[in-house]
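Visitor: show me the folded form of this:
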Amino acid sequence: MSNTETGRSAIQQILEQVDIASIQDERARECVRLLLNLVEKLNEELRKSQAENAYLREQLHGRKGGGSKPDSPKAGSPPSSRSSEKERAEPSEDKKHSKRSKLDRISIDREEVRKLDRTTLPADAVFKGYEEVVVQDLIFRTDNVKFRKEKYYSPATGKTYLAPLPEGYGGEFGPGLKSLCMLFSYLCNMTEPKIADLLDNMGILISDGQISKLLRSGHEKLQAEKEAIVDAGLSSSPWHHLDDTGTPMNGKHWHCHVLCNPLYVAYTTTPRKDRQTVIDVLRNQRERIYLFNEEAFRLMGQFKTPRRVTEKLRQTALGKPLASLAPNGISPPAPGVWSEAEMNQHLAEQFPHLNAKALGHIREAAALAAYHAETGSPVVRLLLCDDAKQFKLVTDELALCWIHDGRHYQSMEPSVPQHRQLLEAFREKYWNYYRQLRAYQQAPTPEQVAPLRAQFDSVFSTVTGYDVLDQRIATTKANKENLLMVLKHPEIPLHNNPAELDGRRRVRKRVVSYGPRSEHGIKGWDTMQTVIGTAKKLGVNCFQYIRDRISGAGKMSALADRIQEKAKTLNLGASWATP
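Guide: From the prediction side, this is the model:
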């Protein structure tokens, strides 16, 4: 054992023996507490420095052309993020899973009677019927068709008449193959070369480039469906989940916004993820509009926009005649509505020297006011998301994710033994309270609300003496109203897991294919992942639906219609309907 490791072991033994509560002198007790927190802070800084040094060594090693990565010290690795699933689980969730029978869900394609050779049976053998065995299998074979199209020529018209191909056929590949390529790419996350390899083994002669072309042209037919899905989804409930994850676009870092509820999921990838972009996502990417009203000016004051600027806007914006913007969703039209081009022109003319930050705040305030005033399109009443700044002020109410908040406690790894004990004790209190909120959701009554709010204050007023933990507890307490939104709306989840799980679909696609190289490709990813993700939530066979649309058959009802039908039975906004 090295001298450094020996020293660390000795310090650890000393720290384990320290008991702050047993120190009688108050000043000495406070001094020891401060020293232990200093040890914690220095250890954290050491871990970060070691991790940074290991990363820099790795980068330097790569630039020198080294083949293997250097070993990084254990202390340099970031703290592992432990799952809270076991801690927050209720007793009923620990029960063993009972396997559901599959026989009632298997569609039988054919029946075959297997007979015995009676000559091999005893003479007294009596027929007793059949024993049924269901075996699942798949036939994967080519269906190459040579169409012989009738051709006629009319000397009178000088024209040739040719019989058309069946619906959905065009080029050298049929609708089944096109649909399968889209399924392989967007549901199975296969790369184009791997799809080509598989099809080649099945007897299909197709190149990577032809597959790429099929994928590009296939999603265009579904883009209108994607827009309809988002509109139907936004109308299906007053609350929605929202999260984002990165997506490289031609080497640039873009952001994929994941908007969902139990009936749908929509993916929208944009260069930015600021507040105006969030509004764009919630408006289904319609043309931006701005509204100057009292709410807009109040928000400008909140953003600390200079008074002279707001006063000048009151004089120039509110008196502006209405442009032809009624189709954009504000109804009835009112003076003070601006298009994006009009807004940019007006700001450039009236405030040529105003800094970009102040101009951004003006646009944000006017965009928020316009969104809140919309009546022609659904306006989200509550967002369930994380604590990112861009989500705030967009909706009337904001609910924060308990599991996201809990991860801050899960990721702490204190060095001081007493701090570890304090952290574990508080984690237990945290998830016990979470389980009580879960129980409230199952059978909510008004009488439970006040005690649960009082208990929140008690739990998150805890002062442990471990500074990092106390700061985190205070942060959680500051988010009380957003974390306890479930007491007002029991039907909303306590976490943002649905959006995070739907976001994994994009992450897996990104890992395999890295990212699109054009905005056209971005639209393809968004469209196909929206259609496939929504179909899975609604229990619709993805392959059958895509083939129905690619072939032009149109026999299956649209996903947007299915969302509207299910929304009537689920009543996802029950607490909003209650007077």
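
Visitor: quick one: residues in contact with stretch 183-193.
Guide: Applying C-beta atoms under 8 Å, 6 or more residues apart in numbering, the contact partners of stretch 183-193 are 194-195, 198, 208, 211-212, 215, 508-509, 511-513, 525, 528-529, 532, 542-543, 546. (C-beta placed from N, C-alpha, C; glycine too.)

Visitor: what's downstream of the worst-scoring helix or strand of the chain on mean pLDDT, the next helix or strand?
Guide: Ranked by mean pLDDT, DSSP states H and E, the weakest helix or strand in the chain is helix 3-17, scoring a mean of 60. Once helix 3-17 ends, the next helix or strand along the chain (criterion: DSSP states H and E) is helix 26-63.

Visitor: which parts of stretch 236-254 are buried?
Guide: 236-245, 247, 249, 254 (16 or more other C-beta atoms under 10 Å).

Visitor: helices - which of these land there?
Guide: Ser236 (DSSP state H).

Visitor: need the max-distance pair from the buried residues of stretch 236-254.
Guide: Pro238 and Met249 (32.5 Å; C-beta to C-beta).

Visitor: ok, the nearest residue to Lys389 once chain neighbours are set aside - how many residues close by?
Guide: Leaving aside its sequence neighbours, Lys389 sits nearest to Arg275 (C-beta to C-beta, 6 or more residues apart in numbering; 7.7 Å). For Arg275, the neighbour count with other C-beta atoms under 10 Å is 22.

Visitor: surely Arg275 and Ala388 touch.
Guide: No - contact between Arg275 and Ala388 fails when scored by C-beta atoms under 8 Å: they sit 9.8 Å apart.

Visitor: buried ones from the contacts of stretch 183-193, can you make that a ChimeraX selection?
Guide: Buried members of the contacts of stretch 183-193, defined by 16+ other C-beta under 10 Å, are picked up in ChimeraX with:
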select :194,195,198,211,212,215,509,513,525,528,529,532,542,546
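
Visitor: out of the buried residues of stretch 236-254, which sit inside strands?
Guide: Trp239, His240, His241, Leu242, Asp243, Asp244, Thr245, Thr247, Met249, Trp254 (DSSP state E).

Visitor: residues in contact with the fourth one?
Guide: Same thing as Leu242. Contact analysis of Leu242 by C-beta under 8 Å, 6+ apart lists His257, Val258, Leu259, Val278, Val281, Leu383, Leu384, Cys385, Phe391, Asn496, Ala499.

Visitor: and it, what pLDDT?
Guide: On the pLDDT scale, Leu242 is placed at 97.

Visitor: please, which helix or strand holds Leu398?
Guide: Assigned by DSSP H and E, Leu398 falls in strand 397-400.

Visitor: report the angle between the helix or strand that that strand is followed by and strand 239-249.
Guide: Heading C-terminal from strand 397-400, the first helix or strand you meet, by DSSP H and E, is helix 402-410. Relative orientation of helix 402-410 versus strand 239-249 (axes from the mean of the first three to the mean of the last three C-alpha atoms, to 10 degrees): 60 degrees.

Visitor: neighbours around the residue nearest to Leu36 when sequence neighbours are not counted, how many?
Guide: Spatially, and ignoring its direct neighbours in sequence, Leu36 is nearest to Val416 (5.1 Å; C-beta to C-beta, 6+ apart). A count of nearby residues for Val416, using other C-beta under 10 Å, gives 19.

Visitor: just the pLDDT for the residue lying closest to Tyr290 once chain neighbours are set aside.
Guide: Distances taken as C-beta to C-beta, 6+ apart put Ala366 closest to Tyr290, at 3.6 Å, once the chain neighbours are dropped. Note on Ala366: pLDDT of 95.

Visitor: quick one: low-confidence parts of the stretch 51-200 of the chain?
Guide: 62-82, 90-100 (pLDDT under 70).

Visitor: Glu227: neighbour count?
Guide: For Glu227, the count of nearby residues is 17 (other C-beta under 10 Å).

Visitor: ok, now Tyr290?
Guide: 27.

Visitor: one step back: dump the contacts of Leu242 into JSON lines; add neighbour count as well.
Guide: Shown next, in JSON lines, are the contacts of Leu242 (neighbours: other C-beta atoms under 10 Å):
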{"residue": "His257", "neighbour count": "24"}
{"residue": "Val258", "neighbour count": "27"}
{"residue": "Leu259", "neighbour count": "26"}
{"residue": "Val278", "neighbour count": "27"}
{"residue": "Val281", "neighbour count": "23"}
{"residue": "Leu383", "neighbour count": "23"}
{"residue": "Leu384", "neighbour count": "30"}
{"residue": "Cys385", "neighbour count": "25"}
{"residue": "Phe391", "neighbour count": "20"}
{"residue": "Asn496", "neighbour count": "24"}
{"residue": "Ala499", "neighbour count": "25"}
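
Visitor: wait, doesn't Asp470 sit right on Thr464?
Guide: Yes - Asp470 lies in contact with Thr464 (C-beta under 8 Å); the separation is 5.8 Å.

Visitor: is it true that the residue nearest to Tyr290 touches Asn344?
Guide: No - counting by C-beta under 8 Å, Ala366 sits too far from Asn344 to count as a contact (11.8 Å).

Visitor: so the two - more neighbours on which side?
Guide: Ala366 (28 against 14).

Visitor: roughly how far apart are the more buried one and Thr305?
Guide: From Ala366 across to Thr305, the span is 11 Å (C-beta to C-beta, to the nearest Å).

Visitor: many thanks, have a good one.
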